[in-house]
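>>> Fold the following.
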Amino acid sequence: MSDPSPSRHARPGADKRSLLERLVEFISPGPDSRAELLATLADAEERELIEPESRQMLEGVLRIADMSAGDVMVAAPRMDLLDIDAPYDELLGVVIETAHSRFPVYEGARDNVIGTLMAKDLLKLQRAPELNLRTLLRPAVFVPESKRLNELLRDFRSNRNHLAIVIDEFGQTAGLITIEDVLEEIVGEIEDEFDEAEADSGIYTLADGSHRVAGDATIAAVNGAFGLHLPEDGFETIGGLVADHLGHVPRRGEAVDLGGLRFSVMLARAGAVRWFRVARAAVADPAPADA
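This next block holds a predicted model:
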C-alpha cells in the first residue's frame, strides 16, 4: 500500500496558514530586522493605515527594549528626598514645593535610602503627631542601572510599586526612576493632576504662595501675571528666555533671577523645561555705610 498523500494528511508541525496568507507573504515578505520594521511602520503611517500616535507608541515599545534604567533615571544629585529626622514642617515644605506623590526617605546620608513615603501618608502625622514616621514608610525597591525598561515596567505592574532606586555597579545610589518615566518613553509626556489646565496661561498658584509656571508659557502671559516687563521680541516662551540667560539648556535645580523673581527649574525633560517654580528673589542686605 502506498503512503498517504502529504497533500491530504498534514504532518505534525506543518504550516497551518491558508494558501492566501502564504501567497501574500511570498509576494510581500515581512520585515526581517528592526530597521525594516520601523520602515514598515513609517510606510503604514504614510499610507494612512495607522495613526501617527499609534506609530509613535509602537516605536516606543520597540525602543524601551533597548533602554535601561540608567538611560532615563533622575540622577542622584537631582533627586528630591526626605530626611527621616527632619521636623514635620520641613517635610511638608518639601512635599509642597516639589509636588511629587512619592519620596525616597534617607537616614544620615542621602545615599542611605531606607524606604519610600507617600505624600498622602504625611497627612496622617498632622492628625496624629504621636505616630512615628518610620511606621509610614514603604519598602524601597532597588534596581541596577542595567535593568531593561521593558522588564522594569513588568515589575512595576506586578508589585504595584511605582518608584525604584537605581544603584550602580558598586551598590551606590545612582538615581531614581518611576513608572511615569518608563511610560513616557512609549506614549510621550503624561500630564498629571498638577498639569491639569486651570488656565490657558500655564501659571498656577501653589499652597505656599509661590507659583508653578509652564516652560512653554508665553512671556506675555508671565509679564501679565507678575507685572513684569520682560522683553517679548527675542523669545516667545519663558523657557527660551531662561535658557538664553543661562547660556545652555536649563537643568533641574538651576535657577535664574528675572525682574525680581527667581525662576527655579522643577522639571526638565527632552531638552526643555516643563515646569518652573517662581518666587520672589532674595534681596541682598545693603552694605554697611562707612563710618
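>>> To which secondary structure element is the residue positioned nearest the centre of the chain assigned?
Closest residue to the average C-alpha location of the chain: residue 181 at 3.7 Å, with Cα atoms, centre = their mean. According to DSSP states H and E, residue 181 maps onto helix 179-187.
>>> so how far is that helix from its chain's centroid?
7 Å (Cα atoms, centre = their mean, to the nearest Å).
>>> which other helices and strands contact it?
In this structure, helix 179-187 packs against helix 52-64, helix 69-72, helix 149-159, with contacts taken as 3 or more Cβ pairs under 8 Å, 6 or more residues apart in numbering; DSSP states H and E. (Each C-beta comes from the backbone N, C-alpha and C, glycine too.)
>>> same thing but 6 Å
On a contact count with 3 or more Cβ pairs under 6 Å, 6 or more residues apart in numbering; DSSP states H and E, helix 179-187 meets helix 52-64, helix 149-159.
>>> ok, and the closest non-adjacent residue to the residue nearest to the centre of the chain?
residue 72 (5.0 Å; Cβ to Cβ, 6 or more residues apart in numbering).
>>> Tell me how many other residues crowd the one you found.
19 (other Cβ atoms under 10 Å).
>>> Do I have it right that it meets residue 183?
No. Between residue 72 and residue 183 there is no contact under Cβ atoms under 6 Å: 10.7 Å.
>>> the inter-axis angle of the helix holding residue 181 versus helix 149-159?
130 degrees (axes from the mean of the first three to the mean of the last three Cα atoms, to 10 degrees).
>>> How about stretch 55-69, which residues are buried there?
Across stretch 55-69, burial judged by 16 or more other Cβ atoms under 10 Å covers 55, 56, 58, 60, 63, 64, 67, 68, 69.
>>> Include pLDDT and distance to residue 206 when you put the residues you listed into JSON lines, please.
Output for these, formatted as JSON lines (pLDDT from 0 to 100; distance: Cβ to Cβ, whole Å):
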{"residue": "55", "pLDDT": "74", "distance to residue 206": "38"}
{"residue": "56", "pLDDT": "74", "distance to residue 206": "32"}
{"residue": "58", "pLDDT": "80", "distance to residue 206": "38"}
{"residue": "60", "pLDDT": "75", "distance to residue 206": "32"}
{"residue": "63", "pLDDT": "77", "distance to residue 206": "34"}
{"residue": "64", "pLDDT": "80", "distance to residue 206": "33"}
{"residue": "67", "pLDDT": "86", "distance to residue 206": "33"}
{"residue": "68", "pLDDT": "90", "distance to residue 206": "34"}
{"residue": "69", "pLDDT": "91", "distance to residue 206": "30"}
